[in-house]
Structure formats: C-alpha cells, structure tokens
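Participant: Generate coordinates for the sequence data below:
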Amino acid sequence: QVQLVEIGGGLVQAGGSLRLSCAASGRTFSINTMGWFRQAPGKEREFVAAISWSGSSTRFADSVKGRFTISRDNAKNTVYLQMNSLKPEDTAVYYCAAGQRSILIASLTSVYEYWGQGTQVTVSS
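Facilitator: Take a look at the predicted model:
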C-alpha cells in the first residue's frame, strides 16, 4: 500500500500562486508515476500534471501549461505542484495520485492505484 498526504490548498486571488505538496509513504518503490488531478463542482475529475518517479519526465494539461510546474524531492518522497498565475477556473479540489504504470498515459485516472484525500483550492476574481 501507498499512502498520500496532500497539503497546501487555500484561498488566493486571481493572479496569485499556491504550492501543493504530496508526501508518499509505504511501498513507494512500486510507484512509477505521480500525478495531480482536480475536480470542480459538477464536473468530472481532470488531469492536471504528472511526473515520473525518477523526476525525468513530466506531463501537463494544456490548460495549465506555462503556469503550473511539477517537481519532486526524492529524499522526502514528496511531489510538488507549483501553481502560478491562478485563474478562477482553477478552483477545484486537487488530488494527488500514485501509480505503477507509465507516465506516457498519465492523463488517465486508471493509471493510478492510490489517491490522496484532496485539498481545496479556491481562486477569487
């Protein structure tokens, strides 16, 4: 099993920044891909970004390219999502996820076996 704990959500004005963290514990040796998804009220969960466990590969949704970055700290088994130039449409619950499958298909929720509890991000206009 892998446990994921997210921190860093909150309320920010449009144009501001937030950094989300996701700490992984347990059988982390089984992980190949770490991802971030988000879900707004009444909408389906959507892919935001992903990073390979080695940190060598990343993927981003078109809606966040150029504004969000993803990184990891191997020593801390932690993945970060830096969100800049936030927009009201970025408002959602953000979920961290971990999976054994390749980052090449990182946008699919089926890639991920483990999910965090979610953290609320609210961007005011």
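Participant: all strands for this protein, in order.
Facilitator: For the chain, the strands defined by DSSP state E cover 2-7, 10-13, 18-26, 33-39, 46-52, 58-60, 68-73, 78-83, 92-99, 114-115, 119-124.
Participant: so what does the fifth one touch, helix or strand wise?
Facilitator: Contact analysis of strand 46-52 by 3 or more C-beta pairs under 8 Å, 6 or more residues apart in numbering; DSSP states H and E lists strand 33-39, strand 58-60, strand 68-73, strand 78-83 as its packing neighbours. (Each C-beta comes from the backbone N, C-alpha and C, glycine too.)
Participant: I'd like the distance between the most centrally placed residue in the chain and L81.
Facilitator: Centroid-nearest residue in the chain: W36, 2.1 Å away (criterion: C-alpha atoms, centre = their mean). Counting by C-beta to C-beta, to the nearest Å, the gap from W36 to L81 is 5 Å.
Participant: joint contacts of those two?
Facilitator: Overlap of the contact sets of W36 and L81 (by C-beta atoms under 8 Å, 6 or more residues apart in numbering) consists of L20, C22, V48, A49, I70, Y94.
Participant: Of the helices and strands packed on strand 46-52, flag the one that's most buried.
Facilitator: Neighbour counts (mean count of other C-beta atoms under 10 Å) averaged over each of these peak at strand 33-39, with a mean of 24.
Participant: wait, what's in contact with the nearest residue to T33 once chain neighbours are set aside?
Facilitator: Leaving aside its sequence neighbours, T33 sits nearest to I103 (C-beta to C-beta, 6 or more residues apart in numbering; 4.6 Å). Applying C-beta under 8 Å, 6+ apart to I103 gives the contacts N32, T33, A50, I51, S52, S57, T58, R59.
Participant: Does the last one touch S107 like I think?
Facilitator: Read it as R59. Yes - in this structure, R59 is within contact of S107 by C-beta atoms under 8 Å, at 6.9 Å.
Participant: just to revisit the earlier point, S124: which of the contacts of I103 is nearest?
Facilitator: Nearest to S124 among the contacts of I103: A50, at 27.5 Å, using C-beta to C-beta.
Participant: Before I go, just wanted to say thanks for your time.
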